[in-house]
Every structure is written in structure tokens, then in C-alpha cells.
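S.K.: Compute the structure for the input listed below.
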Amino acid sequence: MSQGALQTGLRGLRSNHSTRKFDPPPPCPCILRFPCKIDTVYKSVKFPKTVFSLFSLHHASSFFWRTRKAPGLRLAFVLNSLGRYRIYTPMALVQLVALFISAGALLYALSCWRQRRMAWFCFAMIAVFFNVFGYFLEITAADASAAIVACKVSYIGVPHIGTTLYLFSRDYTGRRQLGVGLRNVVIGIGLLFTLAVVAYPQVPLFYQDLTFNTEGLVNHLEVTPGPLYYPCFVFSFALIIMAFLNLVVGFLREKRYEGSFVFFAGIAVPMLAQLYAIFFGLINGWNPVLLSLTLSSLLLALFLAFWRQAEWQSTGREQVVQNMPDAFILIDNKGLVLDYNLSAARYFPALSSSTIRLRLVDIWDFPPENYLNYGTYQIEMQQNSATRYLKVVTAALDADGKVTGTCVTINDDTVNHLMMEELSRLARYDELTGLNNRATFFRDATYSFDLTLRQGTKEGCALMLDIDFFKQVNDTYGHAIGDEVLRFIGALMLNRFRHTDILGRYGGEEFCVWMPATSLPGAYQVAEEIREAAEQHDFQVAQDRFTVTLSIGIASVEAVQPGNLDDLVRRADLALYQAKNSGRNRICVYQPDNEPKSEESL
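M.R.: From the prediction side, this is the model:
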């Protein structure tokens, strides 16, 4: 279609717009519709205004609706608009492709928003998109006012590219994030620069003057810098350099080389383009930095999309360590805490509340020598007025054959410790009476008896006690009352004997006692006190009351001269049988002639 045919068609459309009837456009709930003329539509549809004016957008949509049966006029309108705003120029088309690429990178970043360490990358891609989009509007603008609006759109993102990349680099490499106050200051500085650009020309702090130039490869604005122009450049460029250094150090420390060149190039390309623009200026009016930002966003997105498997493995391990119930603390050779997980912060709140690196010995009384003596330790710790039993495992942090620190793993072993104590108690003691069971009694008493013999002392006695007519108690009152009787006798013995005496339940209603360093009269006196206390105690069952009595046999080391504990206990058992055969509720002492004697003969 020739230019003459185009003008003729448009003139015919303008001359007949008042008489020709058009179907009204469909109602749109989102845009207010106003009556307008086609020539008004034609004059108002300029690309920047189309973007920023709802009225112009409505005019354009009305025109396309009214010319739905005239595709030739639609094509003429589009071609005319492209010609008027230089969208068809090669550099504008290149920038349009760059805009689509940055939009794709932004969409990918938004799809990864919820992934770990990706939030600041999303903000960086938003900043890049606004920068590229604004520059596209600038080079396609028809006049100075539209170009200035495009510049303001661009600076929604320009001051924040360095900030977001720097924060992303700290997060991505696992470095501790900036404090809330410092982070807000850094972000606030970028917002200040953006507001300074938006306030132009009323407040000429960022730009003293902007001149629209249509010569060169593209339309562009020539800048007369204001007081904030160069500080903004230095601020953004310094943050990008710091982001690059953070990433290099982080990748080298973690030895992540796969795809790292693509990642580093994504950060380095805009830096190199910016340096070129500083020393050599624009390329015939075209700014290469914007295209480099597009390439940077593409490279970063490609790396994160295709080379993150190693990172996922590392992140997976990190999440396991971070969320495991055991506390994990990493310290260097000087004892300074390098890293810790959430469980460690629960044990030692000072780790998360402190802003400086702490020495582990300053917050925990774990012996420092144990950091180097690698192994497993069991310690007690008071926490929230409760005693906790911790199992601590220390291991060397070996890097290339050199010990660079210590890994400390702390496991709350309280449940297992208490369970083992309970199992040990059940294995040692009789659950009903609280006395040692038979096996524990003979083990502990044998050790004490052998010690008595080695010391050459002749003092020591063994006692055997039996509840008289205990079977009748069970048959008459039931086993529950019988158990109550056993518990009473056990408590009585624990109360009357010394803590050095070894007590045990021998079996059924029989009890055994080893009294080291005790003479025969002393043992007899204690046995008599126990016998009398048992006889005087009343047991009540409903309306019935009853008592129990004890028969006791005693054998002394001096009298028996035994070779082992079993011999002494056997002699005490013979004396017990003598007490039972003599009428019960009495004490008999074993005599050397093997003839048990009653208490009257003592």
C-alpha cells in the first residue's frame, strides 16, 4: 500500500465519520468510554500516551472496534503509527527484542519466587525490566515530554539494580543478611534517587536539564547532570562490584565451578558496558548498558534454570542441617562460632541475639579441651528450671587434609537417659518393696564382704528376715493386702538400716541384709527394733484389723569364719529356720557348733 493510498483512505474515513453509522463497541467494565471522533483518535494514539493514558487507550480500542470490517484501514493505522514513532527502526526492534527477553527473565524469576534464596533475584529482575522498558519508550518517543516520561519509568528500576543484586549475592552465597536498619537505609537511598528523577523538572536535583535529540541511531535524551546524578552512579556501580565479589568468593569457597562462568558473566557484562559508557560515551546516541542488562538477566536466568542441581544438593543438605532436631555448631580453631542451626539457637539464645561472633566457651561451660579431644560426651544442662541430659559429639572439620575447625553436634538425650535410668532401676531393685533384688544384693554385698575380708576385720553380720504366716494374709485378705504388707516391711527396713547396709528381697516374703563393720550385739539390736516395729503396726481391711510378725536369723563373720558371702547367708538362713521352729516372732543367732540358739541363750 502506497503512502498516497494511505492518506486518501484516512481522509475518506475522517470526512465520513459524522454520517457513517458504526456499531457501538462492547461495554468494558474496566475502562470508562467517552464519545470521540476518529481524527481525535488518530491524533491521540501516540505510543507513550497509549501506555500512560486510559483515554488514549480507549480511543485506540474504539478505533479498532469501529474499523473491524475494514482491515486495510487497521493496517494503515498501525503502519502509520510505527512510522511516526520510529518503532520500525533497527535499533528500536533490537530493543524490543531485549524487552521481551527481560520480560521472560522476569516471568521465570516470579515463578521461582517461593524458592529458597530467590526473593532478591525477583526484585532484581523487576528493576531490570523497568529499566529496559523505560529505555524502549525513550528511543521510540516522538517528543521531549514523552522521552522524559520514559526516563522516569526507567529510573523506577535503575537505582535498585545494584541494591537488589548485592542483597541477592549475600543471600545466594549463604552470608548473613544485613541488619534490618542497614538494609532499609540501602533501599531508601535507591528510592531517594528514584524520587529525585520523578520530581524533575520541578526539583532539578538529579538532572539540571534534559534535551531531546533525534539525531543518531535512536532518539535519546542528552543529560546535564544534577547534584545527585553521579552519587547515584557511584552507589549502584559499587554495589554491583560488591555483588560480583561476593559471588566469586562464595563459589570458590563452596567449590561450585559448574556453570559458574555463565553466572559471573551475568554480573560482569553490565559492569563492563557501564565502564565503556563512562570512558567512550554513547554509541551514536545509543546506550549499550540497557542491552547488557538484558543479556545479564538472560544469563542469570539460564544459570538458575539449568545449573542449579549442585545448588539444590547443597541447599538440601543445608535444610536438613538447619531443620534437624539436633543442635549443630561449627567453630574454628580459635573457638569462634562460624555457623549454627535453629536448634542450636534454641539451646543458646545468645547466638541469634548477638551481632558479633562469639566464643562457644562464653555461652556454654563445655570444657574447651573437649573440642580437640574428638569423641562423644554425656553432660547435664539446666534449661527452664529442668535438667536435660545432652549427648555431645565433636568431630574435626577436615579441609584438604588440614583441620580447620570443629563440628559440634548436640543431641537431647534426656528421654533415653531417663529410660536407661528406669531400666537400670528395674534391673537393680525390687519394684514392690524398693529394695535390691536378689541378683543386685549378692553382687553389691559380695563386693563389700570381700573388702571386709581384705581389710582383716572380723566385724560384719548377715540377717535373714521372714514374714510369719504370710500365706494366710494372702489367702484371707487377698494379694493386694499382701503387697501392702511387703511394701511396709521394705519401707521399715530402709528407714531403720544404715545407708552402708545392703538390703535385698531374697524371694517371696524373705529378706536379706548384709551389715558391714557391725558387731553381733549391734546387729541384734537393729533386728529387734525392726521386729518390734512390725509387730506393733496395725493393718486395716474394711472393719478388720490385723498385725504381722517377723522371724529373724543372724550370722556374724567372727562366729562363722566364712570363706565367702554365700556361706554366711546360709548360716543366717539356718538361724532363721531355728527361729521359725521355736515359735516364730523371734530372733535366733547362729552359733559356731552349728546348733542354732534362741535369744534366751544369747
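S.K.: wait, isn't residue 166 in contact with residue 239?
M.R.: Yes: using CB atoms under 8 Å, residue 166 makes contact with residue 239 at a distance of 4.2 Å. Backbone N, C-alpha and C define where each C-beta goes, glycine included.
S.K.: Touching both of these two, which residues are there?
M.R.: Common neighbours of residue 166 and residue 239, using CB atoms under 8 Å, 6 or more residues apart in numbering, are residue 186.
S.K.: All the helices of the stretch 101-250 of the chain, residue numbers only.
M.R.: Applying DSSP state H, counting those that start in this stretch to the stretch 101-250 of the chain gives helices spanning 119-139, 144-154, 158-172, 180-198, 229-254.
S.K.: May I see the ones you listed arranged in CSV, with mean pLDDT as well?
M.R.: Output for those, formatted as CSV (pLDDT from 0 to 100):
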stretch, mean pLDDT
helix 119-139, 87
helix 144-154, 87
helix 158-172, 86
helix 180-198, 90
helix 229-254, 84
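S.K.: is it possible to export these to CSV including mean neighbour count and distance to residue 221?
M.R.: Putting the helices of the stretch 101-250 of the chain into CSV (neighbours: other CB atoms under 10 Å; distance: least, CB to CB, whole Å) gives the following:
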stretch, mean neighbour count, distance to residue 221
helix 119-139, 24, 6
helix 144-154, 20, 5
helix 158-172, 24, 13
helix 180-198, 15, 12
helix 229-254, 17, 13
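S.K.: Can you name the next helix or strand after the strand or helix carrying residue 390?
M.R.: For residue 390, the host element (DSSP states H and E) is strand 386-399. Per DSSP H and E, the first helix or strand lying C-terminal to strand 386-399 is strand 402-412.
S.K.: quick one, that following strand and strand 386-399 angle?
M.R.: Inter-element angle recorded for strand 402-412 and strand 386-399: 160 degrees (by axes from the mean of the first three to the mean of the last three CA atoms, to 10 degrees).
S.K.: packing partners for the helix or strand immediately after strand 402-412 in the chain?
M.R.: Note on strand 402-412: by DSSP H and E, the next helix or strand toward the C-terminus is helix 414-428. Under the contact criterion of 3 or more CB pairs under 8 Å, 6 or more residues apart in numbering; DSSP states H and E, helix 414-428 touches strand 386-399.
S.K.: Using TSV, lay out the helices of the stretch 101-250 of the chain together with distance to residue 468.
M.R.: Shown next, in TSV, are these (distance: least, CB to CB, whole Å):
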stretch	distance to residue 468
helix 119-139	82
helix 144-154	105
helix 158-172	81
helix 180-198	80
helix 229-254	80
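S.K.: And the ones you listed: which comes nearest residue 264?
M.R.: Among those, helix 229-254 comes nearest to residue 264, with 6.8 Å by CB to CB.
S.K.: just the angle between that closest one and helix 119-139, please?
M.R.: 140 degrees.
S.K.: could you pull out the strands for the stretch 201-350 of the chain?
M.R.: For the stretch 201-350 of the chain, the strands defined by DSSP state E, counting those that start in this stretch occupy 207-213, 220-225, 327-332, 337-340.
S.K.: For residue 483, find the nearest of the helices of the stretch 101-250 of the chain.
M.R.: Nearest of the helices of the stretch 101-250 of the chain (CB to CB): helix 180-198, 65.0 Å.
S.K.: what angle separates the closest one from helix 144-154?
M.R.: Using the same axes, to 10 degrees: helix 180-198 against helix 144-154 is 170 degrees.
S.K.: got the CA positions of helix 180-198 in PDB?
M.R.: Backbone C-alpha positions of helix 180-198 (Å, rounded to 0.1, in the frame of the first residue of the first chain) are rendered in PDB as follows:
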ATOM      1  CA  VAL A 180      17.000  -4.500  59.100                       C
ATOM      2  CA  GLY A 181      18.100  -1.000  59.800                       C
ATOM      3  CA  LEU A 182      21.100  -1.000  57.400                       C
ATOM      4  CA  ARG A 183      19.100  -2.800  54.700                       C
ATOM      5  CA  ASN A 184      16.300  -0.200  54.900                       C
ATOM      6  CA  VAL A 185      18.900   2.500  54.600                       C
ATOM      7  CA  VAL A 186      20.400   1.000  51.400                       C
ATOM      8  CA  ILE A 187      16.900   0.500  49.900                       C
ATOM      9  CA  GLY A 188      15.900   4.000  51.000                       C
ATOM     10  CA  ILE A 189      18.900   5.600  49.200                       C
ATOM     11  CA  GLY A 190      17.700   4.000  45.900                       C
ATOM     12  CA  LEU A 191      14.200   5.300  46.500                       C
ATOM     13  CA  LEU A 192      15.600   8.800  47.100                       C
ATOM     14  CA  PHE A 193      17.300   8.700  43.600                       C
ATOM     15  CA  THR A 194      14.000   7.500  42.000                       C
ATOM     16  CA  LEU A 195      12.000  10.300  43.600                       C
ATOM     17  CA  ALA A 196      14.600  12.800  42.500                       C
ATOM     18  CA  VAL A 197      14.200  11.700  38.900                       C
ATOM     19  CA  VAL A 198      10.400  11.700  39.100                       C
END
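S.K.: chain center to that helix, what's the gap?
M.R.: Here the centre of helix 180-198 is set off from its chain's centre by 30 Å, with CA atoms, centre = their mean, to the nearest Å.
S.K.: Can you spell out which helices and strands pack onto that helix?
M.R.: Taking 3+ CB pairs under 8 Å, 6+ apart as contact, the helices and strands that helix 180-198 lies on are helix 144-154, helix 158-172, helix 229-254.
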